[in-house]
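Undergrad: sequence first, then the predicted structure:
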Amino acid sequence: MREVELLLKMRTLGDALGAMRAWLDHNDCVPVDFDIRRRGSVLVVHITFKDDHLAEVFERDFKLPP
């Protein structure tokens, strides 16, 4: 199992969640855990995947560069 952490701005939450849902559905993937917490003005999304490969691809597709 592998956990992916994403940082989102609150104003982009709706669009980001829609894109994540479409990606998960397209890849026939149900996360083991999906959690969103607020850290100041940023939202921290933690997603745990059963399949490490899907986690890597998801992270590549959604993680913002530093």
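TA: Structure's in. What do you need? Numbers count the residues shown, from 1 in each chain.

Undergrad: list phi and psi for V32.
TA: Dihedral angles of V32 (phi, psi; degrees, to the nearest 10) stand at phi -70, psi -40.

Undergrad: near it, how many other residues are there?
TA: Residues near V32, counting by other C-beta atoms under 10 Å, number 12. For every residue, glycine as well, the C-beta is placed using N, CA and C.

Undergrad: okay, and the beta partners of the closest residue to it other than its chain neighbours?
TA: Leaving out its chain neighbours, the residue that sits closest to V32 by C-beta to C-beta, 6 or more residues apart in numbering is T48, at 4.3 Å. For T48, the beta-bridge partners under DSSP bridges are E3, D33.

Undergrad: quick one: T48 and D33 touch, right?
TA: Yes. The criterion here is C-beta atoms under 8 Å, and T48 meets it with D33 at 4.0 Å.

Undergrad: between these two, which one's more packed in?
TA: Each of T48 and D33 has its neighbours counted (other C-beta under 10 Å); T48 has more, 14 against 10.

Undergrad: point out where this protein drops to low pLDDT.
TA: 64-66 (pLDDT under 70).
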